[in-house]
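> Attaching a predicted model along with its sequence, questions to come.
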Amino acid sequence: MIIAIDGPAGTGKSTIANIIAEKLKITFLNSGGFYRTLTMALLDAGIDIKDEVKVLEFCKKQKIEYTKESHFILNGTDVTAYLHDDRVTANTSQVSSIVEVRHLVNDLMRKITASLSIVCEGRDMTTVVFPNAEYKIYLDASADVRAKRRFDQGVSNMTLEEIRESIIKRDEMDKNKKEGSLKIAEDAIYIDTSDLTIDKVCEIILNKIS
Ligand code: DC
C-alpha cells in the first residue's frame with residue numbers, strides 16, 4: 001500500500017506522515033530529506049549549485065542510505081541533524097529544481113521502497129513519483145500559519161517575518177519547477193490544516209484509509 005502526501009512547506013506533512021506510518025506499522029519516506037542531504041553535501045563541497053552539470057556529476061557520486069528510523073546516511077555518516085539548518089533549507093529548492101537530480105532521487109526512493117508499504121510525503125509524491133498510490137492527500141495551510149509553525153519549531157535562526165518571506169519564496173519555486181512541481185492531483189483528498197491540530201489531520205486521514 002502507498003499513501004502519498006503532498007503540500008507546501010509547513011503544513012505538517014512529515015509529522016503527520018510519521019504518525020500515520022507508526023500507527024499502520026509501515027515505512028515513512030521523507031522525500032525532502034534526500035534533496036536536503038544532497039544540498040548539504042554540495043554546499044560543504046563548495047560547489048556552485050547553479051552549475052547544473054557540476055551538481056549532477058557530484059550528486060551521482062554520493063551514496064545516500066535511508067534507515068528504518070528515517071535517518072539519512074551520507075557516505076557513511078549520519079547527517080540527519082544538519083538537514084534543517086537555514087543554509088540547507090534556503091538552497092534546497094534550487095538543487096531540487098534540476099530535472100536530472102530529481103530523476104536520480106526518484107529512482108533511489110523507488111528502489112528503497114520497492115515492495116514496502118509506505119507513507120511518503122513531499123511535493124510530487126501524488127503526481128510523479130507514486131502516481132498509482134492507493135491514497136493521495138494534499139495538505140494546505142495559509143502562509144501565515146505555516147510560518148508561525150516553523151517559527152515555533154525553533155530550528156531556524158530567522159525572525160517570524162523572515163521565515164514567512166522564505167516560505168513564500170520556496171512556494172513560488174516549488175510551484176514553478178520544470179518537473180515535479182507542487183500541484184494538487186485530480187484524485188487527491190484536499191485538507192486545509194490551518195485551523196486543525198496534527199491529531200485531527202491524522203484522524204481525518206486514518207478515517208479515509210480504514
Ligand atoms: O519537505 P521539505 O521542506 O523537507 O523539502 C525540502 C525542499 O525539497 C523543498 O524546497 C522542496 C523540495 N522537495 C521537492 O522538490 N520534491 C519533493 N518531493 C520533496 C521536497
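Nice, I can see it.
> Just the strands from the chain, written as ranges.
2-6, 27-30, 64-66, 72-74, 77-78, 118-122, 135-140, 189-192 (DSSP state E).
> quick one, which of these is nearest to residue 102?
strand 118-122 (10.6 Å; CB to CB). Quick note: C-beta positions are derived from backbone N, CA and C, even for glycine.
> near the ligand, which residues of this protein show up?
9, 31-32, 35-36, 92-93, 96, 122-124, 170, 174, 180 (CB under 6 Å from any ligand atom).
> cutoff 8 Å now
6, 9, 13-14, 30-36, 83-84, 89, 92-93, 95-97, 102, 105, 121-125, 129, 170, 173-174, 177, 180, 182 (CB under 8 Å from any ligand atom).
> Next step: these restricted to helices.
13-14, 31-36, 89, 92-93, 95-96, 102, 105, 170, 173-174 (DSSP state H).
> Buried by neighbour count, from these: which ones?
By neighbour count, with 16 or more other CB atoms under 10 Å, these hold 13-14, 31-36, 89, 92-93, 95-96, 102, 105, 170, 174 as buried.
> What's the mean pLDDT across stretch 117-129?
Stretch 117-129 shows a mean pLDDT of 97.
> in it, what counts as buried?
118-129.
> And it, end to end?
Across stretch 117-129, the terminal residues are separated by 15 Å (CA to CA, to the nearest Å).
> Geometric centre of the chain: which residue is closest?
residue 32 (2.8 Å; CA atoms, centre = their mean).
> On the strand side of things, show who the residue nearest to that one when sequence neighbours are not counted bridges to.
Distances taken as CB to CB, 6 or more residues apart in numbering put residue 122 closest to residue 32, at 5.6 Å, once the chain neighbours are dropped. Counting by DSSP bridges, residue 122 is bridged to residue 6.
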